[in-house]
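>>> Quick one, fold the following:
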Amino acid sequence: MDKEISADVIKKRKIKSAIKYIVIVAACILLFVVFKALISPSIDGARIRTAIAERGAIEGTITASGVVVPEFEQVIISPLQSKIDSIFHKAGDQIRIGEPILKLNNEFTLNALEQLKDEYQLQKNKKTQLQLAMERTLIDLNTQLQIMDLQVQSFASKLEAQEKIYNLGGGTKTNFEQAQLNLQIATLERQQLEDRIENQKKSLKADLTELDLQLRIQKNRINELERQLELAKAKAVRNGVITWVNDNIGANVNQGEIIARIADLEKFKVESKISDIHAPKLIVGNPVKARINDIDLTGVISSIKPTIENGIINFIVELDDKTNELLRSNLRVDVFVITSTKTDVIRVANGPYINGSGRQEIFVVQGDIAVRRTVMVGDTNFDWVEIESGIEEGEEIIITSMEDHIHQTEVKIKRKK
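Next comes the predicted model:
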């Protein structure tokens with residue numbers, strides 16, 4: 001006969017069974033939590049940077065690269081084919097206006113100049129002789145014209161007398177007609193002489209014009225050689241520093257070859273370049289910021305090179321503060337060309353979380369969760385991004401790249417406790 005189980009044993013068995021089930025459920029819950037933790041996306045809070053959306057102004061810019069160069073640089077070229085005789089200053093020397101840097105051999109040019117001056121003087125003498133000869137010829141011709149005038153008057157008087165005699169019946173018709181013929185011949189000879197005098201004057205004028213042209217050409221050659229000789233002295237046209245000089249004494253130099261450079265290292269400008277895709281936005285007068293060590297120097301585009309080389313546009317930035325102590329020759333700087341300005345917009349610090357403008361996905365921090373949100377990006381510059389919609393003032397935005405989580409709606413932020 002089976003023994004009846006006591007109530008205490010049954011109670012203990014129930015308690016033991018309940019504990020077993022509780023342990024199993026707790027274990028399942030724990031495993032679920034651990035599994036969920038393992039598969040849930042997360043990101044280390046120490047590896048992200050965030051910024052607060054704020055209200056303020058933003059300037060739309062396009063970024064270019066630039067190099068600081070002296071505002072003024074004198075390039076001295078050899079005005080003639082010569083050789084270097086002597087050097088007065090070397091690279092790095094301070095030089096004042098009017099000081100020579102080097103001396104070119106100019107013996108050949110001096111001889112050519114003296115020859116031109118002699119030829120010029122001969123041409124002047126030739127002109128003087130021509131004037132004197134033509135003046136004598138004109139004097140002779142004018143004298144002949146005066147004599148001819150007297151002859152015409154004489155023949156006119158004779159014709160008048162013969163006409164009276166003929167009308168009175170005392171003279172012959174032959175004498176009267178001869179007197180008429182003599183006057184006509186004398187008149188034609190006078191006209192011929194007058195025309196000859198006029199032609200002589202025109203000839204003299206033409207000869208003098210030709211000589212004047214030859215003299216002017218000769219004088220221009222003399223002036224050009226004198227200019228070349230002056231340039232051969234290689235003088236500075238303003239105060240500055242010699243940045244380079246051909247100091248090879250005795251070396252031959254060709255006409256047009258650079259022999260020295262002088263720069264004014266007190267005032268600077270920025271030579272900039274940018275892709276030609278931004279050509280429509282580049283306008284002379286555009287405001288510009290040149291950034292040096294996180295400090296912005298303002299300026300404007302003063303000129304744009306008309307030609308495009310290998311897809312690059314070159315332009316010059318004239319700085320407002322040309323003498324700033326940060327400026328150094330050949331220093332590379334970031335150049336930001338300002339294309340637009342907006343005030344009272346929602347802006348967030350720029351970073352790799354933004355790629356251009358238009359519709360984009362970013363993450364907004366909400367406690368320990370980063371929530372993906374679609375926003376509309378407007379103007380951008382090196383420092384700021386305009387958020388046209390999707391973000392409110394005061395919200396915290398992740399500004400580091402979230403490309404690995406861009407397809408997730410939420411990402412847990414793991415923070416150190």
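>>> sec struct for Ser203, please.
With DSSP: H, G, I helix; E, B strand; the rest coil as the basis, the three-state label of Ser203 is helix.
>>> now the spatially most central residue of the chain: how far from Lys412?
Centroid-nearest residue in the chain: Ser303, 4.4 Å away (criterion: C-alpha atoms, centre = their mean). Look at Ser303 and Lys412: by C-beta to C-beta, to the nearest Å, they are 55 Å apart. Any C-beta I mention is one placed from the backbone N, CA and C, and that applies to glycine too.
>>> hmm, back to that, if I look at the residue nearest to the centre of the chain, how far off is Thr323?
For Ser303, the distance to Thr323 - C-beta to C-beta - is 21 Å.
>>> can you give me the helices for the stretch 1-150 of the chain?
Secondary structure of the stretch 1-150 of the chain (DSSP state H, counting those that start in this stretch): helices at 7-39, 107-168.
>>> Would you mind finding the most buried of those helices?
helix 107-168 (a mean of 14; mean count of other C-beta atoms under 10 Å).
>>> still on that earlier bit, got TSV for the helices of the stretch 1-150 of the chain, with mean pLDDT and distance to Ser65 too?
Shown next, in TSV, are the helices of the stretch 1-150 of the chain (pLDDT from 0 to 100; distance: least, C-beta to C-beta, whole Å):
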stretch	mean pLDDT	distance to Ser65
helix 7-39	63	46
helix 107-168	79	45
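>>> So which of those is nearest Val68?
The stretch from these with the least distance to Val68 (C-beta to C-beta) is helix 107-168; that distance is 39.0 Å.
>>> Quick one: residues in contact with stretch 112-130.
For stretch 112-130, contacts defined as C-beta atoms under 8 Å, 6 or more residues apart in numbering pick out 204, 207-208, 211-212, 214-215, 218-219, 221-222, 225-226, 229.
>>> Give me the distance between that stretch and the centre of its chain.
Centroid displacement of stretch 112-130 relative to its chain, using C-alpha atoms, centre = their mean, to the nearest Å, is 45 Å.
>>> got the contact list for the residue lying closest to Arg96 once chain neighbours are set aside?
Spatial nearest neighbour of Arg96, excluding adjacent residues (C-beta to C-beta, 6 or more residues apart in numbering): Asn239 at 5.2 Å. By C-beta under 8 Å, 6+ apart, the residues touching Asn239 are Gln94, Ile95, Arg96, Ile97, Asp264.
>>> Now the buried members of the residues you listed.
Using 16 or more other C-beta atoms under 10 Å as the burial test, those include Ile95, Asp264 as buried.
>>> Just put the contacts of Asn239 in TSV and tack on distance to Arg347 and pLDDT.
As requested, the contacts of Asn239 are arranged in TSV below (distance: C-beta to C-beta, whole Å; pLDDT from 0 to 100):
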residue	distance to Arg347	pLDDT
Gln94	48	85
Ile95	50	86
Arg96	51	86
Ile97	50	85
Asp264	40	83
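>>> In a markdown table, list the contacts of Asn239 along with distance to Arg359.
Converted to a markdown table, the contacts of Asn239 look like this (distance: C-beta to C-beta, whole Å):
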| residue | distance to Arg359 |
| --- | --- |
| Gln94 | 59 |
| Ile95 | 60 |
| Arg96 | 62 |
| Ile97 | 61 |
| Asp264 | 50 |
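>>> From the contacts of Asn239, pick the one nearest Val333.
Proximity of the contacts of Asn239 to Val333 (C-beta to C-beta) peaks at Asp264, which lies at 18.9 Å.
>>> Top of the contacts of stretch 112-130 by number of neighbours, please.
Neighbour tally across the contacts of stretch 112-130 (other C-beta atoms under 10 Å): the maximum, 21 neighbours, falls on Leu225.
>>> Name the nearest residue to it, sequence neighbours excluded.
Leu113 (4.4 Å).
>>> Kindly report the same for Ser303.
Ile316 is the one closest to Ser303 (C-beta to C-beta, 6+ apart), at 4.7 Å.
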